[in-house]
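In: Just a sequence and a predicted model for now, questions to come.
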Amino acid sequence: MRSDVVKKGVPAAPNRSLLYALGYTKEELERPLIGVVSSYNEIVPGHMNLDKIAEAVKAGVRAAGGTPVEFPAIAVCDGIAMGHVGMKYSLVTRDLIADSTEAMAMAHQFDGLVMIPNCDKNVPGLLMAAARVNIPTIFVSGGPMLAGTLNDGRRTCLSHMFEAVGAYYAGKLDEAGVEEYENSACPTCGSCSGMYTANSMNCLTEAIGMALRGNGTIPAVHSARLRLAKHAGMQIMDLVEKGIRPRDIMTPAAFHNAETVDMALGCSTNTMLHLPAIAHECGIALSFDMANEISGKTPNLCHLAPAGDTYMEDLDRAGGVYAVMAELEKAGLLDTGLLTCTGKTVGENLTGVVNRNPELIRSVENPFSKTGGIAVLKGNLAPDGCVVKQSAVASEMMHHTGPARVFDCEDDAIRAIYDGKIVAGDVVVIRYEGPKGGPGMREMLNPTSAIAGMGLDKDVALITDGRFSGATRGASIGHVSPEAASGGPIGLVEEGDLIAIDIPGHTIELQVSPEALAQRRAAWVCPEPRIKTGYLARYAKMVSSADRGAVLE
């Protein structure tokens, strides 16, 4: 066993003495040591139940003959961090999580790992660690939140809550109406109830083969989630015995499967940051161009919130991620011969899977759209690409040309939106919010929700070198690369410039002559960094561009 270096023989006697100090018995140390990486904390709603998940995992490990050893991972709640300096600290935690988990796994020589994440950066951070450490690993998440219910019976969720603030500033909702949303939008623990980033990534753990069936969709408050956790604890022992490692599962073909399922589900644009970063740890390069290639072949089969009015609990009842994969399998869009954490292939896992709601999970012959949920646009404004969740864009905004309203930070843009200074037809440009320029590449849920809440989501586009929450809808185009702080053309846009957006054509063009742009570039000076000390300053010096996954170099 890998853990023998700290357990066996006279040279390991000092190590054993410390393990005995923890209360472990000789019998327990004769079994494989399984690290249980729990992201439990008391500030993230999606993580407040992970102590119970961890206990269930440990019960499963013991039942299958292992010795579980729990240690923590951090997590940020993007919703609580939204709209202030805290959001600069969200994406950057992905690397802190990966680094700290690597350190714990290597320092203590575990034989296997069970990762227990739930929210946005926590899932990819632990997947990055799994790929980097490459010892047998399985994932079991905390599960999604149930949808809320308003007084009139309508269902609601966190994206509606943010849009309610925009409606208030537009005079469409009073304070009592806002209070009703805030008391209804998030009724249980769990990752927020739509196909936002956390649920997108949890679903993709199934698609890529690193989690058991139901991991992405079983609600946090259902007892089936505890049973899933016990089964994950049991299954890690099988992976340890067979020596099945993350890089045996997360192959180039597995990432292709994951992006295919991503397009069918209509996942968050943040997957376009996280999948390349995870692949990078596996020694695999994923390009933006691959996304459009897969999207062109993959129909969008689901319209969960914010694209529609259904939620994760509905997807679970319909058959979950496996039911979506079964529809894709029928059309030959998945590689079904790939190994997964079940010890079986994708095809074997899908045997007998039934789509219980063909209206919620459409067939390939009857999709919501013939192309996938995400599109990558390129042009002189974004030579290396930018990303839009096209499944959540109104048909009226698939083609749009309008004057640029330019802001050098999110805070200035949100003030202008709340003050009614943005009007129909505008293209809001928010720059110097990328990985380096932010630093930290803030999510822009506040401005996009304000635009939607004011009823302008079918009239106004928003473009940024920052990124968006999975709860964002509308013509919200992020990850513009190169970013402004790296000399990207988005830094050259001036107030009133016309910007032409063609989402089906995958283009985004600044309608300014090459000569004028050359003059602007010659005069451009990069602003002083906003933050010059601490972790964010170090991060800004090391981080790559968004089109490469914002990985640290």
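Out: Structure's in. What do you need? The model shown is predicted, which means the values in this text are computed figures rather than measured ones. Numbers count the residues shown, from 1 in each chain.

In: how about the helix or strand of the chain with the lowest mean pLDDT as PDB, C-alpha atoms only?
Out: When the helices and strands of the chain are compared on mean pLDDT, DSSP states H and E, helix 445-453 comes out lowest with a mean of 89. Extracted C-alpha coordinates of helix 445-453, given in PDB (Å, rounded to 0.1, in the frame of the first residue of the first chain):
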ATOM      1  CA  LEU A 445     -24.000  38.700 -11.900                       C
ATOM      2  CA  ASN A 446     -25.000  42.000 -10.400                       C
ATOM      3  CA  PRO A 447     -24.900  44.000 -13.700                       C
ATOM      4  CA  THR A 448     -26.300  41.200 -15.800                       C
ATOM      5  CA  SER A 449     -29.100  40.700 -13.300                       C
ATOM      6  CA  ALA A 450     -29.800  44.400 -13.100                       C
ATOM      7  CA  ILE A 451     -30.100  44.600 -16.900                       C
ATOM      8  CA  ALA A 452     -32.500  41.600 -16.900                       C
ATOM      9  CA  GLY A 453     -34.500  42.800 -13.900                       C
END
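
In: Give the next helix or strand downstream of that helix.
Out: strand 461-464 (DSSP states H and E).

In: what's the average pLDDT for that next one?
Out: Averaged over strand 461-464, pLDDT sits at 97.

In: What are the boundaries of the helices in the stretch 401-550 of the chain?
Out: Under the criterion DSSP state H, counting those that start in this stretch, helices of the stretch 401-550 of the chain are mapped to 410-418, 445-453, 514-523, 534-542.

In: What helices and strands are in contact with the least confident helix or strand of the chain?
Out: Judged by 3 or more Cβ pairs under 8 Å, 6 or more residues apart in numbering; DSSP states H and E, the packing partners of helix 445-453 are helix 158-169, helix 410-418, strand 427-430, strand 461-464. All C-beta atoms are positioned from the backbone trio N, CA, C, and that covers glycine.

In: Out of these, which is the most enclosed?
Out: Ranked by mean neighbour count, the helices and strands packed on helix 445-453 are led by strand 461-464 with a mean of 28 (mean count of other Cβ atoms under 10 Å).

In: Give me the helices and strands touching it, please.
Out: strand 427-430, helix 445-453, strand 476-481, strand 498-502.

In: Just checking: what are the partner strands of that strand?
Out: Strand 461-464 pairs in its sheet with strand 427-430 (parallel), strand 476-481 (parallel), by DSSP bridges.

In: Please identify the buried residues of the longest one?
Out: Neighbour counts using 16 or more other Cβ atoms under 10 Å place 476, 477, 478, 479, 480, 481 of strand 476-481 among the buried residues.

In: Need the CA coordinates for that strand. PDB is fine.
Out: Coordinates of each C-alpha in strand 476-481 appear next as PDB, following Å, rounded to 0.1, in the frame of the first residue of the first chain:
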ATOM      1  CA  SER A 476     -23.600  38.300 -21.700                       C
ATOM      2  CA  ILE A 477     -20.300  37.700 -23.300                       C
ATOM      3  CA  GLY A 478     -17.300  37.100 -21.100                       C
ATOM      4  CA  HIS A 479     -13.700  35.800 -20.900                       C
ATOM      5  CA  VAL A 480     -12.700  38.200 -23.600                       C
ATOM      6  CA  SER A 481      -9.100  37.200 -24.500                       C
END
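
In: what separates that strand from the chain centre, distance-wise?
Out: From the chain centre to the centre of strand 476-481 is a distance of 15 Å (Cα atoms, centre = their mean, to the nearest Å).

In: okay, the angle between it and helix 445-453?
Out: In terms of direction (axes from the mean of the first three to the mean of the last three Cα atoms, to 10 degrees), strand 476-481 departs from helix 445-453 by 150 degrees.

In: Average pLDDT for strand 476-481, rounded please.
Out: 97.

In: Any chance of the strands paired with strand 461-464 in TSV with distance to residue 238 as columns?
Out: Below are the strands paired with strand 461-464 laid out as TSV (distance: least, Cβ to Cβ, whole Å):
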stretch	distance to residue 238
strand 427-430	48
strand 476-481	39
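
In: Which residue ranges of the stretch 101-250 of the chain form strands?
Out: 112-116, 137-139, 148-149, 155-156 (DSSP state E, counting those that start in this stretch).

In: how many neighbours does residue 14 have?
Out: 9 (other Cβ atoms under 10 Å).

In: What does it show for phi and psi?
Out: phi -60, psi -40 (degrees, to the nearest 10).

In: quick one: the nearest residue to residue 464 once chain neighbours are set aside and residue 408, what's the gap?
Out: In this structure, residue 464 finds its nearest non-sequential neighbour in residue 430, 4.2 Å apart by Cβ to Cβ, 6 or more residues apart in numbering. Noted for residue 430: a distance of 8 Å to residue 408, by Cβ to Cβ, to the nearest Å.

In: Kindly report the same for residue 239.
Out: For residue 239, the distance to residue 408 - Cβ to Cβ - is 49 Å.

In: ok, back up a step: tell me the one of the buried residues of strand 476-481 nearest residue 519?
Out: residue 480 (21.2 Å; Cβ to Cβ).

In: Please list all residues in contact with that closest one.
Out: By Cβ atoms under 8 Å, 6 or more residues apart in numbering, the residues touching residue 480 are 381, 382, 386, 431, 434, 463, 464, 465, 488, 490, 546.

In: Export these as TSV, with columns for distance to residue 203.
Out: Shown next, in TSV, are the contacts of residue 480 (distance: Cβ to Cβ, whole Å):
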residue	distance to residue 203
381	31
382	27
386	24
431	31
434	27
463	27
464	25
465	27
488	31
490	31
546	22
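
In: And those residues, which is closest to residue 174?
Out: residue 464 (30.5 Å).

In: show me what contacts the closest one?
Out: 410, 429, 430, 431, 433, 444, 477, 478, 480.

In: Equivalent analysis for residue 105, please.
Out: With Cβ under 8 Å, 6+ apart, residue 105 has these contacts: 35, 113, 129, 133, 135.

In: Could you list the low-pLDDT ranges of the stretch 51-200 of the chain?
Out: Across the stretch 51-200 of the chain, nothing is flagged by pLDDT under 70.

In: ranges for the helices of it?
Out: Going by DSSP H, counting those that start in this stretch, the stretch 51-200 of the chain shows helices at 78-81, 93-108, 122-133, 158-169, 175-184, 197-207.

In: Quick check: which ranges of the stretch 401-550 of the chain have low pLDDT?
Out: In the stretch 401-550 of the chain, no residues with pLDDT under 70.

In: same thing but 90
Out: 444-446, 449-450, 452-454, 469-474 (pLDDT under 90).

In: related to what we said a few turns ago, in terms of packing, which of residue 239 and residue 408 has more residues around it?
Out: Between residue 239 and residue 408, counted using other Cβ under 10 Å, residue 239 has the larger neighbour count: 24 against 16.
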